[in-house]
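>>> generate coordinates for the sequence data below:
(chains A, B, C, D, E and F)
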Protein chains: 4
Amino acid sequence: MTASTPPGKTTRPRLRADAARNRAQVLAAARTAFRELGTAAPLDEIARRAGVNIATLYRRFPDRDALITQVVLDGFTVVLDAARTAAQTARTDPLGALETFILDLVANREMLVLPLIGGPVTNAPQARDLQRQIAAALEEVLSAAREHHAVRPDVTAVDLITTTALVCRPLPHLPQQQADALVTRHVGIFLDGLRPNTTRQLPTAPAHEEFAAHLTPDPPTDTPHTTPTNH
Amino acid sequence: MTASTPPGKTTRPRLRADAARNRAQVLAAARTAFRELGTAAPLDEIARRAGVNIATLYRRFPDRDALITQVVLDGFTVVLDAARTAAQTARTDPLGALETFILDLVANREMLVLPLIGGPVTNAPQARDLQRQIAAALEEVLSAAREHHAVRPDVTAVDLITTTALVCRPLPHLPQQQADALVTRHVGIFLDGLRPNTTRQLPTAPAHEEFAAHLTPDPPTDTPHTTPTNH
Amino acid sequence: MTASTPPGKTTRPRLRADAARNRAQVLAAARTAFRELGTAAPLDEIARRAGVNIATLYRRFPDRDALITQVVLDGFTVVLDAARTAAQTARTDPLGALETFILDLVANREMLVLPLIGGPVTNAPQARDLQRQIAAALEEVLSAAREHHAVRPDVTAVDLITTTALVCRPLPHLPQQQADALVTRHVGIFLDGLRPNTTRQLPTAPAHEEFAAHLTPDPPTDTPHTTPTNH
Amino acid sequence: MTASTPPGKTTRPRLRADAARNRAQVLAAARTAFRELGTAAPLDEIARRAGVNIATLYRRFPDRDALITQVVLDGFTVVLDAARTAAQTARTDPLGALETFILDLVANREMLVLPLIGGPVTNAPQARDLQRQIAAALEEVLSAAREHHAVRPDVTAVDLITTTALVCRPLPHLPQQQADALVTRHVGIFLDGLRPNTTRQLPTAPAHEEFAAHLTPDPPTDTPHTTPTNH
DNA sequence: GATGAATGAGTTTTCATTCAT
DNA sequence: AATGAATGAAAACTCATTCAT
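Have a look, this model is predicted:
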């Protein structure tokens, strides 16, 4: 599955070549802008970065939410692809599969505008589906790993998703290279913490379904769209 | 050291009681708003939450940067306090000190608007000082822990700061309780990863001084202050 | 008559020494600010320049108009003093008196915030009185000069007032010394134009009373007080 | 040369017809407003008078300075046109050319938002160019006049510019007709003062280049743009 | 399908003015 | 009498969104 073939399923006639290019550029620009400035990033700034007119952006994405949704879905798709790949290798090398999964995402985190967890910043039902599939694939990997006694038994798919969400966010004021080193070290330590000979007990993990519930209706906050963000 | 006694050093007599109260309320409101909406949060929204007039906010903080800076410095101060406390217990129980340090910050992360790492979103030289002191205190804790063979030898103060920065950010769309559980689990696994019998090699850690260098001049970005954020 | 003994006639108890000093400083600051920034100059800027608190300014001058009025009246008083001095010398040396009158005002134009003509930016009846007295004194000077055949017969007191108004305004972006030279040269040529052997006929002069009529009620314009200005 | 073909040189294709009309209306409104209220005139008032939305004004002129600059440049262009016309007639009737130059500008002074002298209220290098060309053209007129012994030998182009600057400013509180009469009388007397049989010596004239120097760098005043004005 | 242009609705920022100390 | 502080109202400026070309 490739990220972002135009809309979703009910695909329309198919875009003219230049239109498709514009759409892709807008999404790329949005990805970057959202990571740098938050999802409240000015739309005309995104259009500018994409090298298209603001009205062109609007033609493709009727409103900010549509754009956010697509960017988030694209991010989820990337994660799902990685999770499925991991699931395939899991039989033979579950720990390696798991490590590759996380480290690859970290390495390509510029593509991700999440959090996977914390709910997408969208109501799209597709987001929910994607999350479920991601969790399922990761559960497969973990099952295999547990059988091989390659990981502690108490770790869950949700933990992996949490980790992805936490470590893939931008560290805005740090040069790329340093950010890479620091995040990779953190993940390295985390991965060592996954070994079976645990020393401590973790608090109870919320079941995936439990927090997945927060995805859908997402009480129509009036919050002007100044991005929910963090630091 | 208490967070945010008015400005800093070179300041006037002392605020009138009511003014000091207003100032504190503004800072508290800003902290929350920044975590929820990003540092681009509307200032009048912050004033509203603080129960003061927008002009009162401006009287205390001449522009958005001044407000952000103070909030960030307050966050750093909280971390420094925690680090110093940890340094004191480190002699007798280095690992416990270290765990308490991280877990306490996680538990009180509502106070933190960072990133500690990547530099504050400010040029304030005081931020640099605070970071140095934090790193120094944590290095003390780690020294003791290494002597006790309580932690892997390759972990550095910078790693601890990175961890704090990564895990203390908000997970906006998740209910507090779930977020707490997930983050605590992540930290728990990370702490297990700190044990001495390591299984993997970490990439080289940037020296603290190295990334600290990015704090001060902070290339005078013209970027209007639409927050660097993420999702 | 000295410019600006506190209010006007009904003078109160007399100001405390420090209060009187503050008042004078405010007026001086206002004079400068009005010349530099127009009569719309921020009042707190004026207070700042005067080295007093904004509330102190308000205690002396209940509103912007009160301040403007006093500044203008002070200017008129300076002109009246000069005109009376000229009237006294007029018997013996009418032309010299006239020249001295204009050149002295030009040299001290920092004191003047006019226009004498065009009406003051105030409704104060005292302004009208002052203008009348100025015109009367100048008429005396001109009478004497005409008798001596020292000036062309068609020049009037109003012309002299016009000249004062035109040449005493600030040339904001020019260094003082250059402005002085240029304005003095202009006035020099104008004075030469006053000689009796005229070469051209001037359009009819409005009688003094005619334009003086525009002074008093000055239909209460709502024009927010963004200064009437020029360039 | 026509005043204000869109921006300047390095600009885009050409404005759409309606956009060009809006732009012209904004400039006209700004001209009037600046003369009436000073260059600190509220921009929304200008937009209102121009019959366009404030954002439309901002679309054309990114900030107040841009608008002021264009208005000033337009004024300079008008003066330059007049000076060149005068230069053409100068051979045959230098004095007439000179008189016409000044009187025409006075008659059309509503178009002018200067001062020509004292530097424009702008840093634009084009302003400097225009001033140079104006001075050059006027010098031509004066040369011819001097050869004909039609003017005193000590008058310079700078004097003429000074005069224009002084007499073309608004006399805000005076009805148009009276202002016209008074200013014209003043100019008439000044013109008589230009005759060759001088009676007095003028102070040294600053060379044109000398004060022109004040135009460009224009010490980057931070002075928020509350207009330099006067009264 | 794409763009220049216009606009209404914010948001930020400044300022006059009043109040309590 | 003077000042620090607070506030409401205005003005500057930005942005999302729609329209006409």
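
>>> read off the pLDDT value for residue A:208.
Confidence at residue A:208, expressed as pLDDT, is 63.

>>> then residue A:199?
80.

>>> dump the residue contacts of the nearest residue to it once chain neighbours are set aside.
Of all residues not flanking residue A:199 in the chain, residue B:192 sits nearest, at 5.6 Å (Cβ to Cβ, 6 or more residues apart in numbering or on different chains). The C-beta positions use only the backbone N, C-alpha and C, and glycine is treated the same way. By Cβ atoms under 8 Å, 6 or more residues apart in numbering or on different chains, residue B:192 lies in contact with A:152, A:192, A:193, A:195, A:198, A:199, A:200.

>>> return the distance of residue B:192 relative to residue C:134.
Going from residue B:192 to residue C:134 by Cβ to Cβ, to the nearest Å gives 93 Å.

>>> go on, residue A:152?
Residue A:152 sits 98 Å away from residue C:134, going by Cβ to Cβ.

>>> tell me which of the two has more neighbours.
residue C:134 (24 against 19; other Cβ atoms under 10 Å in any protein chain shown).

>>> for the more buried one, give me the pLDDT.
So residue C:134 comes in at 94 (pLDDT).

>>> isn't it right up against residue C:80?
Yes: proximity of residue C:134 to residue C:80 meets the contact threshold set by Cβ atoms under 8 Å, at 5.1 Å.

>>> what about the longest helix that chain A contains, near DNA strand E?
Longest helix in chain A by number of residues (criterion: DSSP state H): helix A:64-90. No: Helix A:64-90 does not reach DNA strand E (Cβ under 7 Å from any atom of the strand); its nearest approach is 13.1 Å.

>>> helices or strands up against that helix?
Judged by 3 or more Cβ pairs under 8 Å, 6 or more residues apart in numbering or on different chains; DSSP states H and E, the packing partners of helix A:64-90 are helix A:17-37, helix A:43-50, helix A:94-107, helix A:125-147.

>>> 10 Å - rerun?
Counting by 3 or more Cβ pairs under 10 Å, 6 or more residues apart in numbering or on different chains; DSSP states H and E, the packing neighbours recorded for helix A:64-90 are helix A:17-37, helix A:43-50, helix A:54-60, helix A:94-107, helix A:125-147, helix A:157-167.

>>> confidence score at the residue nearest to residue A:199?
pLDDT recorded at residue B:192 is 96.

>>> how close does it sit to residue A:196?
Distance of residue B:192 to residue A:196, given as Cβ to Cβ: 10 Å.

>>> then residue A:202?
14 Å.

>>> how about residue A:170?
Counting by Cβ to Cβ, the gap from residue A:170 to residue A:196 is 33 Å.

>>> who has more neighbours, these two?
residue A:170 (23 against 14).

>>> just the element for the more buried one, please.
Per DSSP states H and E: residue A:170 is located in neither a helix nor a strand.

>>> didn't it look like it was pressed against residue A:113?
Yes: applying Cβ atoms under 10 Å, one finds residue A:170 in contact with residue A:113, separated by 9.4 Å.

>>> interface residues of chain A facing chain C?
Proximity of chain A to chain C (Cβ under 10 Å from any Cβ of the partner chain) involves no residue at all.

>>> what does chain A put close to DNA strand F?
Contacts of chain A with DNA strand F, taken as Cβ under 7 Å from any atom of the strand, map to A:40, A:41, A:42, A:43, A:44, A:45, A:54, A:55, A:58, A:62, A:63, A:64.

>>> care to break chain A down by domain?
Domain assignment of chain A by automatic domain parsing yields the ranges A:17-62, A:64-212.

>>> export the ones you listed to a markdown table and tack on distance to residue D:98?
Output for these, formatted as a markdown table (distance: least, Cβ to Cβ, whole Å):
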| stretch | distance to residue D:98 |
| --- | --- |
| domain A:17-62 | 53 |
| domain A:64-212 | 64 |
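
>>> among the ones you listed, which is nearest residue D:162?
Each of the domains of chain A has some distance to residue D:162 by Cβ to Cβ; the shortest is domain A:17-62, at 46.6 Å.

>>> pull the distance from the closest one to the chain's centre.
Centroid separation between domain A:17-62 and its chain, computed with Cα atoms, centre = their mean, to the nearest Å, is 19 Å.

>>> do me a favour and get the end-to-end distance for that domain?
20 Å (Cα to Cα, to the nearest Å).

>>> that one vs chain D: in contact?
No: contact between domain A:17-62 and chain D is absent, the nearest approach being 12.0 Å (criterion: Cβ under 10 Å from any Cβ).

>>> contacting residues for the closest residue to residue A:143 other than its chain neighbours?
Using Cβ to Cβ, 6+ apart and skipping the chain neighbours, the partner closest in space to residue A:143 is residue A:90 (7.9 Å). Residue A:90 sits next to A:96-98, A:101, A:137-138, A:140-145, A:147-148, A:150 when contact means Cβ atoms under 10 Å, 6 or more residues apart in numbering or on different chains.

>>> low-confidence ranges in chain A?
Applying pLDDT under 70 to chain A flags the ranges A:1-13, A:114-123, A:207-231.

>>> how much space between the residue of it at minimum distance from DNA strand E and chain C?
At 2.9 Å from DNA strand E, residue A:55 is the closest residue in chain A, using Cβ to the nearest atom of the strand. Distance of residue A:55 to chain C, given as Cβ to the nearest Cβ, to the nearest Å: 37 Å.

>>> that residue contacts residue A:47, correct?
Yes: taking Cβ under 10 Å as the definition, residue A:55 is a contact partner of residue A:47 at 8.4 Å.

>>> more neighbours, the two?
Neighbour totals were compared for residue A:55 and residue A:47, and residue A:47 leads with 22 against 8 (other Cβ under 10 Å).

>>> measure stretch A:81-97 end to end?
Start-to-end, stretch A:81-97 (Cα to Cα) is 13 Å.

>>> what about residue A:42, neighbour count?
Neighbour count for residue A:42, taken as other Cβ under 10 Å: 14.

>>> for chain D, what is the nearest residue in chain A?
residue A:44 (12.0 Å; Cβ to the nearest Cβ).

>>> quick one: contacts for the residue nearest to that residue when sequence neighbours are not counted?
Nearest residue to residue A:44 in three dimensions, chain neighbours excluded: residue A:54, at 4.8 Å (Cβ to Cβ, 6+ apart). Residues near residue A:54 by Cβ under 10 Å, 6+ apart: A:42, A:43, A:44, A:45, A:46, A:47, A:48.

>>> ok so, going back, write the ChimeraX selection for whichever of the contacts of residue A:90 are buried.
Buried subset of these, written as a ChimeraX selection, criterion 16 or more other Cβ atoms under 10 Å in any protein chain shown:
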select /A:97,98,101,137,138,140,141,142,144,145,150
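
>>> and of the contacts of residue A:90, the nearest to residue D:107?
Nearest to residue D:107 among the contacts of residue A:90: residue A:101, at 82.1 Å, using Cβ to Cβ.

>>> which non-adjacent residue is nearest the closest one?
residue A:86 (4.1 Å).

>>> again, but for residue A:102
Counting by Cβ to Cβ, 6+ apart, residue A:187 is the residue found nearest to residue A:102 once chain neighbours are left out, at 5.8 Å.
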